[in-house]
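Participant: Coordinates for the following, if possible.
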Amino acid sequence: MNPNRAIEISIQLAFVLLVAIVAFTSGGLLDTGDGIAHYQIARFSWSHPELFLHHWGKPLFTLLSSPFAQIGFNGMITFNLICAALTGYYLLKLSKSFSIERAWVALLCLF
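Facilitator: Numbering: from 1, shown residues only. Purely as a prediction, here's the structure:
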């Protein structure tokens, strides 16, 4: 395995694990502002379908996050972790397409 690839994977896994530990063991909410509103819109969108088109809820976000929101707030945390991991993955791919030698540094800026 390429040494840079091992660094990239290690950094991404470390950050996702760190955020997961903080998010799931925290007694409070990490996002007390819009996060609660987005969670509520996604959570109740199945019983109130008009919420899928709600401007504040961001329709694409509501569509993608609503299955996770049915699990509860921890489901939303899981959804956000998946989004963060995918963002890191595609950031690395983009960095490599620009032939950036140490693309893993971009991950440090992301998280």
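Participant: Show me the helices in this protein, by range?
Facilitator: Per DSSP state H, the chain carries helices over the ranges 3-25, 34-44, 59-69, 73-97, 104-110.
Participant: show me where pLDDT drops low in the chain?
Facilitator: Regions of the chain meeting the criterion pLDDT under 70 cover residues 1, 29-32, 111.
Participant: list the contacts for the residue nearest to H54 when sequence neighbours are not counted?
Facilitator: Distances taken as CB to CB, 6 or more residues apart in numbering place I41 nearest to H54, at 5.6 Å, with adjacent residues excluded. C-beta coordinates here come from the backbone N, C-alpha and C atoms, glycine included. By CB atoms under 8 Å, 6 or more residues apart in numbering, I41 lies in contact with 51, 54, 56-57, 62.
Participant: so which of those residues is the most crowded?
Facilitator: Using other CB atoms under 10 Å as the neighbour criterion, G57 leads the contacts of I41 with 23 neighbours.
Participant: Rebuild the contacts of I41 as CSV, extending it with distance to W104.
Facilitator: What follows is the contacts of I41, written out as CSV (distance: CB to CB, whole Å):
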residue, distance to W104
L51, 39
H54, 38
W56, 36
G57, 35
T62, 33
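Participant: any idea which of these is closest to L107?
Facilitator: T62 (28.1 Å; CB to CB).
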